[in-house]
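A.B. asks: what would the 3D arrangement of this be:
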Amino acid sequence: MTNKNNIPALIRQLEIIYQDFQSRSRQAKQIEKELQFLYDDLCESYLTATSEQRADVCIALEFRERLINQLLVYYRHIANQTEKSVAKKRQESAVRQLVQQGVAARALIGRRVPEEDLEVATRQIAEAAEAIHFDHETLAEDLDVSYKYFVQRAIQYHKGKDRIRALKALGMALQQHPTLERNDHVLALASTLTGETELSAVLTLSDRYVLYKFVQELEEAEARSHAAAAPPQRSTLATIRSWFTN
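C.D. replies: I've put the predicted structure just below:
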């Protein structure tokens, strides 16, 4: 059994793999395989993680379409394995573990994928759970992360000067619980993070697509800043010439 203390390391691996998708596009198939193994560990750890850690995982996956697409592949694979295990009358403990993995994967997908794309896998998981008399719906409720934890993480990320994660966290909180727009502290934080008026900030954070474009611009600006600060790479010819001039 993996440990909840693995969550920070697993999040770092997620971030590395996301960067690999961008920098090693020719090796996409290999990266996808690595990601499937990572999701095994992540879903297992998610089951025993704290609410704060679960919030961090959800924030790490926000606006990461390549990661979510592969998470959907994983969810469908687990659902198929679960259905086969029931058909082959495998041990109840083995079926339960697969159901739990599936429920965790579904929790991580959240509202990022249309329900019709999840329908078959969700039914397979539900039927397997029913076959072994396992209450998968209660587990799903337990794994759901309250908006309060996203607000808490937004504040902590802001204090740590991690603007992008703070924006994602506060956006997820507002989208899950719209009445937060009446909270003065949330309004002040939203305005600070976006650099906009409170009303405009709430509109930005409450609309997932608008927030995605906002965050995308910030990430692109951050990438350009890092590239400009990095020392220029010399060509092979320049390196050879330096051997004879030094």
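A.B. asks: give me the pLDDT value at the residue sitting nearest the centre point of the chain.
C.D. replies: For the chain, residue 61 is the residue whose C-alpha lies nearest the centre (C-alpha atoms, centre = their mean; 1.6 Å). With respect to pLDDT, residue 61 scores 98.
A.B. asks: so what's it closest to, chain neighbours aside?
C.D. replies: Nearest non-adjacent residue to residue 61, counting by C-beta to C-beta, 6 or more residues apart in numbering: residue 67, 5.7 Å away. Every residue, glycine included, has its C-beta placed from N, CA and C.
A.B. asks: what about that neighbour, how many residues nearby?
C.D. replies: 22 (other C-beta atoms under 10 Å).
A.B. asks: which SSE is it in?
C.D. replies: Secondary structure assigned from DSSP states H and E places residue 67 in helix 65-87.
A.B. asks: over to residue 47?
C.D. replies: Assigned by DSSP H and E, residue 47 belongs to helix 28-48.
A.B. asks: got the CA coordinates for that helix in CSV?
C.D. replies: The C-alpha coordinates for helix 28-48 follow below in CSV (Å, rounded to 0.1, in the frame of the first residue of the first chain):
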residue,chain,number,x,y,z
ALA,A,28,4.7,10.7,-26.4
LYS,A,29,3.8,7.0,-26.4
GLN,A,30,6.5,6.2,-23.9
ILE,A,31,5.5,9.2,-21.7
GLU,A,32,1.8,8.0,-21.8
LYS,A,33,2.9,4.6,-20.5
GLU,A,34,4.9,6.1,-17.7
LEU,A,35,1.8,8.2,-16.8
GLN,A,36,-0.4,5.1,-16.6
PHE,A,37,1.9,3.6,-13.9
LEU,A,38,2.0,7.0,-12.1
TYR,A,39,-1.8,7.0,-12.0
ASP,A,40,-1.8,3.6,-10.3
ASP,A,41,0.3,5.1,-7.5
LEU,A,42,-1.5,8.4,-7.4
CYS,A,43,-5.0,6.9,-7.2
GLU,A,44,-3.9,4.5,-4.4
SER,A,45,-2.3,7.3,-2.4
TYR,A,46,-5.3,9.6,-3.0
LEU,A,47,-7.5,7.1,-1.1
THR,A,48,-5.7,7.8,2.1
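A.B. asks: determine the set of other helices and strands touching that helix.
C.D. replies: When contacts are defined as 3 or more C-beta pairs under 8 Å, 6 or more residues apart in numbering; DSSP states H and E, helix 28-48 sits against helix 7-23, helix 51-61, helix 65-87, helix 92-109.
A.B. asks: what angle do it and helix 51-61 make?
C.D. replies: Angle, helix 28-48 to helix 51-61, by axes from the mean of the first three to the mean of the last three C-alpha atoms, to 10 degrees: 160 degrees.
A.B. asks: and the contacts of helix 28-48?
C.D. replies: Outside helix 28-48, the residues within contact range by C-beta atoms under 8 Å, 6 or more residues apart in numbering are 1-4, 6-7, 10, 13-14, 17, 20-21, 24, 54, 57, 67, 70-71, 73-74, 77-78, 100-101, 104-105, 107-108, 143.
A.B. asks: try stretch 58-78
C.D. replies: Contacts of stretch 58-78 (C-beta under 8 Å, 6+ apart): 11, 14-15, 17-18, 21, 32, 35-36, 39-40, 43, 98, 101-102, 105-106, 108-110, 112-113, 117-118, 120-121, 125, 145, 150, 153, 165, 168-169, 171-172, 212, 215-216.
A.B. asks: I am finished for the moment; much appreciated.
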